[in-house]
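Novice: okay, here's the prediction I keep looking at, along with the sequence it came from:
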Amino acid sequence: MQLSETARTADLLDRATLVLNRSWRPVHVTTVRRALCMVFRDSARIVEPESLATYSFAEWIEFPPPLGAPAIRSPSLRVAAPEVVLLRRYDRVPSHEAPFTRRNLFLRDDFTCQYCGVRSGGDRLSVDHILPRSRGGNTSWENCVLACVSCNARKADRTLKEAGLRLLRPPVRPRWSPYLTLRPSQRMESWQRFAPEHRRRSGAR
């Protein structure tokens, strides 16, 4: 296997896989690598999203990958990367709130300045307090948003009204979801069938 093919396989093994509980409800997102390990240990089965058929590890490696679909290759096998797996025993649904962290804030705001709408990498965005801390503002989901360098400098230590800025949308505390740790571009279209409220944003980075 050439180095480029090895790198592609490594990237594919790190791709996201949706985990359903025994009641077919989304509870987690893992990697293809870990999903295959779960199926190999018989703690989960792979779900084919179109037919909803489930497969054991032995059955899946015999299942021919769809034409053009990403596949894990070895000298003797070509195995489709699972997009969804179904746990065989776990039937609970996590109910905890999303923790307030810098990473989760970037994911909530989709790496987008909440004042001008520019989307950028983490090094060009910072966390801005809507009501400045010097005015009594706290560090919370409802008072923090992402701001680009330009908008952050424009706002400085002022309120929105004083700076002449408006938010693209009100900042809210996100509800927990299995997609919490993923950017929209990392989510699979096939997951829509298992979580109708999920909408992937076109053109997301």
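Specialist: Cool, got the structure.

Novice: what's the neighbour count on the closest residue to residue 39 other than its chain neighbours?
Specialist: Spatially, and ignoring its direct neighbours in sequence, residue 39 is nearest to residue 57 (4.7 Å; C-beta to C-beta, 6 or more residues apart in numbering). From N, CA and C alone the C-beta is placed, and that goes for glycine too. If you count neighbours by other C-beta atoms under 10 Å, residue 57 ends up with 17.

Novice: can you tell me the SS state at the residue lying farthest from the centre of the chain?
Specialist: Distance from the centre of the chain peaks at residue 162, with 35.5 Å (C-alpha atoms, centre = their mean). Of the three states, residue 162 takes helix according to DSSP: H, G, I helix; E, B strand; the rest coil.

Novice: over to residue 46?
Specialist: strand.

Novice: what of residue 141?
Specialist: Going by three-state DSSP: residue 141 is coil.

Novice: contacts only, for it.
Specialist: Residue 141 is in contact with 98, 100, 105, 108, 171-174, counting by C-beta atoms under 8 Å, 6 or more residues apart in numbering.

Novice: would you turn those residues into TSV with secondary structure, pLDDT and distance to residue 114?
Specialist: Shown next, in TSV, are these (DSSP: H, G, I helix; E, B strand; the rest coil; pLDDT from 0 to 100; distance: C-beta to C-beta, whole Å):
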residue	secondary structure	pLDDT	distance to residue 114
98	coil	74	17
100	coil	88	16
105	helix	92	10
108	helix	89	10
171	coil	95	7
172	coil	90	12
173	coil	86	15
174	coil	81	14
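
Novice: list buried residues within the residues you listed.
Specialist: Neighbour-count burial (16 or more other C-beta atoms under 10 Å) applied to those gives 98, 105, 108, 171.

Novice: need the contact list for the spatially closest residue to the third one that is not a sequence neighbour.
Specialist: The one in question is residue 108. Excluding its sequence neighbours, the residue lying closest to residue 108 (C-beta to C-beta, 6+ apart) is residue 174, at 5.1 Å. Counting by C-beta under 8 Å, 6+ apart, residue 174 touches 98, 104, 108, 141, 180.

Novice: and which of those residues is nearest residue 70?
Specialist: residue 180 (23.9 Å; C-beta to C-beta).

Novice: pLDDT score assigned to residue 122?
Specialist: Note for residue 122: predicted pLDDT of 78.

Novice: actually residue 190, not the one I typed
Specialist: Confidence score, pLDDT, at residue 190: 87.

Novice: ok, it touching residue 49?
Specialist: Yes. Using C-beta atoms under 8 Å, residue 190 makes contact with residue 49 at a distance of 3.8 Å.

Novice: quick check: neighbours shared by these two?
Specialist: With C-beta under 8 Å, 6+ apart, residue 190 and residue 49 have common neighbours 83-84.

Novice: so for these two, which sits in the more crowded spot?
Specialist: Neighbours per residue (other C-beta under 10 Å) separate residue 190 from residue 49, with residue 49 holding more: 17 against 14.
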